[in-house]
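> coordinates for the following, if possible.
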Amino acid sequence: MKLEHVFADITVIGGGLAGVCAAVAAARLGQKVSLINNRPVLGGNSSSEVRVWVCGATAHGTQRYARETGIMGEMFVENQYRNPEGNPYLWDLIVLETVRAEKNIQLFLSTDVHEVEAGGAVDDRVIHSVTGWMMGSERKIRFESKVFIDCTGDGLVGFLAGAKYRIGREARDEYKEDWAPETADDITLGSTLLFYTKEADRPVKYIPPSFAKDITQTTIPMKRVIRSGDSGCHYWWIEWGGELDTVHDNDRIRDELWSVIYGIWDYIKNSGKFSADKMTLEWVGAIPGKREYRRFEGDYMLNQNDIIAQEPFEDRIAFGGWSIDLHPPQGMYAQESGSKHLFSDGIYHIPFRSLYSSNVRNMMFAGRDISATHVAFGTTRVMATCAVIGEAAGSGAAVSIMKGITPRMLHRDHMNELQQIMLRQDASIIGIAGDDPDDLAKSAHVTASSTLDRIAIDTNAYIRPLDKDIGILFPVQPSLESVELLLDAAQATTLEVELWHTGKGENYVPRELITKAAALVDAGSEQWVKLALLWKPDAARNAFLIVKANEAITLHGSDKPLTGVLCFEKGAKPIVFSMLEDHQPDQPVVQWSMRNWIRRPLCMQVTPNTEAYAASQVTDGYIRPFAGPHMWLSGNMNTDEPEWIKLEWEHEKEIGEIHITFNDDVNEDLINLHHHRTPFDTIPEVVRAYRIQALINQDWVTVAAKQDNHKRKNVHQLDSKITCKQIQIWIDSTNGGTRAEVAEIRVYAL
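Below is the predicted model of the structure:
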């Protein structure tokens, strides 16, 4: 058998979203990458072979301003634009094209790596190569590189290399995690198979296979929700194998899951309890979607306390926001709930030290095998979070190679540089400002055609009874004097409010009470009622105004959203399995829900004027909301007069590249398949058409332009360098938004 040799700077093993993002990130930083996947399609559990929703920090809309940016964000937005119906095969193409767009990536599909050459002492191992068999092509390929990234999910490469790892649950005392068991064990989360259904144009019979399980003889119908119209991830709870070995017992687990799927369908079609005469099976998965197996040991083990405290690691390189989501070992046969959830008050941070091996010097990892305890893994395991971890691992591997050092040395000596490189790429890091010394925009004076300088929402489109506490979040910069609300009163009454701030800049729920206010309200309609609320924070902050329930009052709302302003309603404490109640504290992000308020703010007016949307925000280093919007908003767009934003330097600059990041509303929850349908294909706030002009020899010259834009970040490498003192970006139209909204502008000589 002929043995082929492939040499690259970085070898990424595993073509799920973590591996894809790792490979793309490294390739964009100039490194040659071998990306190896043991399946014929990319995407891992999100692919058409398994079809799991790509969930992430938004937690299906529970966390605010939490959608991922960077490479994962690009795929979310592109899929929304091209595949709003959530066709799984079109999602495959989005992922594949993201990889094929990078000339530095050599892709090897259907290639199963099962040999690793490594050497060195137990505590100082080095991987020399990995070898894979390309199924269907009868090719045996040896891959050599300087750094290897294990994105296999199961952690096979690291295991064969001798990397330290764990399987199962840590004991409670090891990390003081109150969601961990008293004693360590080898229990993991189980695997799942999904199925799709469709409605036919005539009755369809169903004769179950001989191996279909009679689910009426199990606990499933009593403990799980079964509906005739559900399919896909609605049946995430068809889970089993947590008490087995999810790798070595994979076929046994698959067979059990198949027997249950065909048994559930028999129950739906033939029990007489459902209206399903014309329904038929469209697709049944054949590859179990694994949740958990090996977790490697890095220089830091992320744990439950880090998640709940939202530990702001100095080496943070990614974020998550999904709940700590743990399932019973018995899966679908368990007597208790199929899952239990514990949320942090906002997004949490992931450290770089959890992405490289503690004992294999040239091995990194990304995805569900990172250095985290079983409890912390309960949140980091979701795919969009795995993807942003992948981007961080790929970026870290690339910078390590550039400097000729190990990932551990990179953490020790060059962490800020890595973070700044990632921020330049629009990566998902929260609370760290971009401070690139090569960014010429930092030294420019910024002006704009107009600026939104007052928070005033007065387009009256609907009414809402004040039958429960309502929350309104808005930025305060630099101070607050009063808030006015538009309302009706059925009788004379008193309107009561509380002003809170959210504490951490990444949080959007009330944390600390600032002041209270009340106002007498006469009976009548469409009254603007003013409440004195004095607050001058030490820095820009988000205010959270709680409008107390009052059955005599009806509030007026708008259908015109305003970036930075969100509305919520306070619901009841989430209901969980009673035996877990001691471990289920109040969760503000669940209690304060905005699911009924998306893009529908209440009518309000705030004084004094705000600086939260000033033109200077485009160079303040923040590329996404953090204690405020951090972006420029123009006044309302005028179809006859385009808006503009201008950068001006004291002396002439040589310019070769311009970056523009538009607002793509990271509060909007996008999904790759079928969880919900977003009513637009392109985020309305994204700028659709724009031009970049430079003042050259007293003439304004167009150096770049774009029509029909739907992307958040656009990088323009000019055909030839220009020398000028001013550049001006003209915003000709948006995709439906009423203002020009720009998050960041960067300018480079190179």
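> let me see the ranges of the strands in the stretch 451-600 of the chain.
456-457, 462-465, 470-476, 480-489, 493-501, 512-521, 524-535, 541-547, 553-557, 566-570, 592-593 (DSSP state E, counting those that start in this stretch).
> need the ones you listed in TSV (columns: distance to residue 143 and mean pLDDT).
To be clear about C-beta, it is placed using only N, CA and C from the backbone, and glycine gets the same treatment. What follows is those, written out as TSV (distance: least, CB to CB, whole Å; pLDDT from 0 to 100):
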stretch	distance to residue 143	mean pLDDT
strand 456-457	56	97
strand 462-465	59	97
strand 470-476	49	98
strand 480-489	58	98
strand 493-501	52	98
strand 512-521	53	98
strand 524-535	58	98
strand 541-547	48	98
strand 553-557	57	98
strand 566-570	48	96
strand 592-593	48	93
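> next, give phi and psi for residue 70.
Backbone torsions of residue 70, given as degrees, to the nearest 10, read phi 70, psi -150.
> do you know how far it is from residue 294?
26 Å (CB to CB, to the nearest Å).
> what bits of the stretch 251-400 of the chain have low per-residue confidence?
For the stretch 251-400 of the chain, applying pLDDT under 70 flags no range at all.
> tell me which stretches of it form helices.
Secondary structure of the stretch 251-400 of the chain (DSSP state H, counting those that start in this stretch): helices at 304-309, 374-380, 383-403.
> so what does the first one touch, helix or strand wise?
Which is helix 304-309. Contacts defined by 3 or more CB pairs under 8 Å, 6 or more residues apart in numbering; DSSP states H and E place helix 304-309 against strand 348-351, helix 374-380.
> export that helix as PDB, just CAs?
Backbone C-alpha positions of helix 304-309 (Å, rounded to 0.1, in the frame of the first residue of the first chain) are rendered in PDB as follows:
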ATOM      1  CA  GLN A 304     -19.000  25.300  37.400                       C
ATOM      2  CA  ASN A 305     -18.000  28.100  39.700                       C
ATOM      3  CA  ASP A 306     -16.200  29.900  36.800                       C
ATOM      4  CA  ILE A 307     -19.400  29.600  34.700                       C
ATOM      5  CA  ILE A 308     -21.700  31.000  37.400                       C
ATOM      6  CA  ALA A 309     -19.300  33.700  38.500                       C
END
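> residues contacting stretch 122-129, please?
With CB atoms under 8 Å, 6 or more residues apart in numbering as the test, stretch 122-129 has contacts from 116-120, 142-144, 148, 157, 161-163, 357, 359-363.
> list the contacts of residue 238.
Counting by CB under 8 Å, 6+ apart, residue 238 touches 192, 193, 194, 257, 260, 261, 264, 332.
> is it true that residue 668 lies in a strand?
No - read with DSSP: H, G, I helix; E, B strand; the rest coil, residue 668 is coil and lies in no strand.
> the strand ranked longest in the chain pairs with which strands?
Using DSSP state E to define each element, the chain has its longest strand at strand 713-734. The strands beside strand 713-734 in its sheet (DSSP bridges) come out as strand 643-662 (antiparallel), strand 687-696 (antiparallel).
> quick one: buried residues of that strand?
Within strand 713-734, the residues scored as buried using 16 or more other CB atoms under 10 Å are 713-715, 722, 724, 726-734.
> go on, stretch 493-502?
Result for stretch 493-502 [16+ other CB under 10 Å]: buried residues 493, 495, 497, 498, 499, 500, 501, 502.
> mind listing residues that contact it?
Contacts to stretch 493-502, defined as CB under 8 Å, 6+ apart, come from residues 346, 473, 480, 483, 485, 487, 508-521, 529, 531, 533, 535, 537, 541-548, 550, 552-553.
> which of the residues you listed are buried?
Buried among these by 16+ other CB under 10 Å: 346, 473, 480, 483, 485, 487, 508-511, 514, 517, 521, 529, 531, 533, 537, 541-548, 550, 552-553.
> returning to that earlier point: of the strands of the stretch 451-600 of the chain, which is nearest residue 408?
strand 541-547 (36.9 Å; CB to CB).
> run through who's touching that closest one.
Outside strand 541-547, the residues that touch it by CB under 8 Å, 6+ apart are 466, 469-477, 480, 483, 485, 495-502, 505, 507-511, 514, 533, 535, 555, 570, 627-628.
> buried stuff in the one helix or strand in the chain whose mean pLDDT sits lowest?
Scoring the helices and strands of the chain by mean pLDDT, DSSP states H and E places helix 220-223 at the bottom, with a mean of 85. Residues residue 220 are the ones in helix 220-223 that count as buried (16+ other CB under 10 Å).
> out of the strands paired with strand 713-734, which is closest to residue 448?
strand 643-662 (4.5 Å).
> kindly export the closest one (C-alpha atoms) in PDB.
What follows is strand 643-662, C-alpha atoms only, in PDB (Å, rounded to 0.1, in the frame of the first residue of the first chain):
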ATOM      1  CA  GLU A 643     -25.500  59.400   5.800                       C
ATOM      2  CA  TRP A 644     -21.700  59.500   6.100                       C
ATOM      3  CA  ILE A 645     -19.000  59.000   8.700                       C
ATOM      4  CA  LYS A 646     -15.600  60.600   8.200                       C
ATOM      5  CA  LEU A 647     -12.100  59.900   9.600                       C
ATOM      6  CA  GLU A 648      -9.600  62.700   9.400                       C
ATOM      7  CA  TRP A 649      -5.900  62.800  10.400                       C
ATOM      8  CA  GLU A 650      -3.600  65.700  11.100                       C
ATOM      9  CA  HIS A 651      -1.000  64.300   8.700                       C
ATOM     10  CA  GLU A 652      -1.300  62.300   5.500                       C
ATOM     11  CA  LYS A 653      -1.500  58.500   6.000                       C
ATOM     12  CA  GLU A 654      -0.600  55.700   3.600                       C
ATOM     13  CA  ILE A 655      -3.700  53.400   3.400                       C
ATOM     14  CA  GLY A 656      -4.000  50.000   1.900                       C
ATOM     15  CA  GLU A 657      -6.800  48.200   3.800                       C
ATOM     16  CA  ILE A 658     -10.000  49.300   5.400                       C
ATOM     17  CA  HIS A 659     -12.200  47.200   7.700                       C
ATOM     18  CA  ILE A 660     -15.900  48.100   8.400                       C
ATOM     19  CA  THR A 661     -18.000  46.200  10.900                       C
ATOM     20  CA  PHE A 662     -21.700  46.900  10.600                       C
END
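> what residues sit buried inside it?
Neighbour counts over strand 643-662 (16+ other CB under 10 Å) mark 643-647, 649, 653, 655, 657-662 as buried.
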